[in-house]
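In: Fold the following, please.
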Amino acid sequence: MKIGINASFLRKLDTGIGQVSHGFVKEIIRSHSDENEYFLYLEKDIELKLPKNFHKRIFLPTWKRDDLIRKIWWEKLLLPKKVRGDKCDVFISLYQCPTNFAKNIKHKMLVHDLIPKIFPEYLDNWRKKLYFYLSNRAIRRTDEIFTISEWSKKDIHKYLEIPTEKIKVAHPSVGEEFFEKADDEKDNRVLEKYGVYGRYIFYVGGFDFRKNIPGLLKAYAKLLERYEINDVNLVLGGEDKSRFSPLFTDVRKEIKDLELEENVKLIGFVEQKDMPALYRQCELFVLSSFYEGFGLMALEAMACGAPTAVSKSSSLPEVGGDAVLYFNPHDTEEMARVMGKILRNNKLRLRLAEKGRERAKKFSWKSFVKVFFEK
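Out: So this is what the prediction gives:
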């Protein structure tokens, strides 16, 4: 059997879709049948040792700029043509996109979330609206739909009116590096690279409004003021894109308005290889999002043994189980109280670290991939 895979996001390993794509492809290479022939469709070459039954197809439209015009051109026009040329029997899209096929190619699509349906503010120009419209149409026409959480499954059923029996849930995992034991000397070199010293609360991810960074900063300010915890800084990892779009929080302004310049450290973009050290050495990881389709960062933190507190919203309780503490993301008092509870109780931190590691082991790439090939 010839199986095609849209592995385009392997060029963007710093994204959630990139990490899921990487985990899926590595597991296919490691454990799946060598009776099949696999074709990886890419926009950029990748450094990945492939068996003889794997083939790379790298191509781009004449429009080279990495934007939605190129995405639509590549996914809707060029990709199907290449797949037909390779005579694939099955095609797997590792994220929702406008790709469609005739009935002779069985199409399986992984839908991560429907954030623009829940937060229409994200569709702030015609290109995004067009891409989202074409993707939703393709989802409805797909032979099999997969998603990353039971919460996302409910959203797909609710917003796209797709029968639940057509949607399968496959929980992703995280890279092996997140399960490695700490090497304090190496970890400290990573912390020095980012200028991180002393005890700290950690967040890494986007700064768009659904991530609720203003709420986290307000809760942290209350933590300093009311719980007499002033020896723990807040470290925020991620790119500040507020100058490009009003959808992103102006983090520096929020920090200044709350007079937290001495307590909050912005470390910018974090390389994927450095993430485990920052998780392992933190006192507490906090994910304050209003909405997550899965919440990969929470699982990464748990795998690293970081005591973790997350919003009790969307898919996060599905990921955290009883291994994390929860708070209402709209209630900064409660968020501060939960953070304070963890920071002031060393036994609780150790217990959460241990339970987090055990919980994270329940998520595996083998189980994730298996769902895609079940009959």
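In: quick check: domain ranges of the protein?
Out: The record's domain split for the chain, according to automatic domain parsing, is 2-170, 176-360.
In: Most distant residue from the centre of the protein?
Out: No residue in the chain sits farther from the centre than E228, which is 33.5 Å out by Cα atoms, centre = their mean.
In: What is the three-state secondary structure of it?
Out: Three-state call for E228 (DSSP: H, G, I helix; E, B strand; the rest coil): coil.
In: With distance to F372 added, can I get the domains of the chain in TSV?
Out: To be clear about C-beta, it is placed using only N, CA and C from the backbone, and glycine gets the same treatment. Below are the domains of the chain laid out as TSV (distance: least, Cβ to Cβ, whole Å):
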stretch	distance to F372
domain 2-170	6
domain 176-360	16
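In: highest average neighbour count across these?
Out: Stretch with highest mean neighbour count among those: domain 176-360 (a mean of 19; mean count of other Cβ atoms under 10 Å).
In: any idea of the mean pLDDT for that domain?
Out: What domain 176-360 shows for mean pLDDT is 95.
In: Minimum distance to S367: which of the domains of the chain has it?
Out: Taking Cβ to Cβ, domain 2-170 is the member of the domains of the chain nearest to S367, at 7.7 Å.
In: same question for the closest one, mean pLDDT?
Out: 94.
In: From start to finish, how long is it in a straight line?
Out: This stretch, domain 2-170, spans 22 Å end to end (Cα to Cα, to the nearest Å).
In: Kindly report the same for stretch 316-324.
Out: Distance between the two ends of stretch 316-324: 10 Å, counting by Cα to Cα.
In: ditto for stretch 223-232
Out: Counting by Cα to Cα, the terminal residues of stretch 223-232 are separated by 10 Å.
In: who touches that stretch?
Out: Contacts to stretch 223-232, defined as Cβ atoms under 8 Å, 6 or more residues apart in numbering, come from residues 198-201, 260, 263, 283-284, 336-337, 339-340, 343-344.
In: please redo it, this time with the cut-off set to 10 Å
Out: 198-201, 220, 233-234, 258-260, 262-263, 282-284, 332-333, 335-341, 343-344 (Cβ atoms under 10 Å, 6 or more residues apart in numbering).
In: Out of the domains of the chain, which gets nearest to K370?
Out: domain 2-170 (8.1 Å).
In: any idea how far the residue farthest from the centre of the chain is from G198?
Out: Taking Cβ to Cβ, to the nearest Å as the measure, E228 falls 17 Å from G198.
In: which strands and helices sit next to the helix or strand where K355 lies?
Out: Counting by DSSP states H and E, the element that carries K355 is helix 346-360. Counting contacts by 3 or more Cβ pairs under 10 Å, 6 or more residues apart in numbering; DSSP states H and E, helix 346-360 packs against strand 284-287, helix 296-303, strand 308-311, helix 316-320, helix 332-343.
In: Can you give me the first-to-last residue distance of stretch 195-211?
Out: Using Cα to Cα, one end of stretch 195-211 lies 24 Å from the other.
In: Now find how far off-centre that stretch is within its chain.
Out: Relative to its chain's centre, stretch 195-211 lies at 15 Å (Cα atoms, centre = their mean, to the nearest Å).
In: Also stretch 9-23?
Out: Going by Cα atoms, centre = their mean, where stretch 9-23 is centred and where its chain is centred differ by 9 Å.
In: Dump it to CSV, restricted to CA.
Out: Below are the C-alpha coordinates for stretch 9-23, written out as CSV (Å, rounded to 0.1, in the frame of the first residue of the first chain):
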residue,chain,number,x,y,z
PHE,A,9,5.1,21.3,9.5
LEU,A,10,8.3,19.3,10.0
ARG,A,11,9.9,22.6,9.0
LYS,A,12,8.3,24.3,12.0
LEU,A,13,9.2,22.2,15.0
ASP,A,14,8.7,25.1,17.4
THR,A,15,4.9,24.8,16.8
GLY,A,16,2.4,22.3,18.3
ILE,A,17,1.5,21.0,14.8
GLY,A,18,5.2,20.7,14.1
GLN,A,19,5.8,18.6,17.2
VAL,A,20,2.8,16.4,16.5
SER,A,21,4.0,15.9,12.9
HIS,A,22,7.5,15.0,14.1
GLY,A,23,6.2,12.5,16.7
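In: and S33, that's in a helix?
Out: No. Counting by three-state DSSP, one finds S33 to be coil, located in no helix.
In: tell me how far stretch 75-90 is from the chain's mean position?
Out: 27 Å.
In: okay, how far is it across it, tip to tip?
Out: Stretch 75-90 has an end-to-end distance of 16 Å (Cα to Cα).
In: Spell out the secondary structure type for L110.
Out: Here L110 takes the strand state, with states given by three-state DSSP.
In: Against D257, how distant is it?
Out: Using Cβ to Cβ, L110 is found at 40 Å from D257.
In: what does S367 give?
Out: To D257, S367 is 45 Å away according to Cβ to Cβ.
In: and what of V169?
Out: Distance, V169 to D257, using Cβ to Cβ: 41 Å.
In: Would you tell me what helix or strand the residue nearest to K186 when sequence neighbours are not counted is located in?
Out: Residue nearest to K186 in three dimensions, not counting chain neighbours: A277, with 6.9 Å by Cβ to Cβ, 6 or more residues apart in numbering. Taking DSSP H and E as the definition, A277 sits inside helix 275-280.
In: and that helix, what other elements does it pack with?
Out: If you count contacts as 3+ Cβ pairs under 10 Å, 6+ apart, helix 275-280 packs onto helix 184-193, strand 199-204, strand 232-237, helix 296-303.
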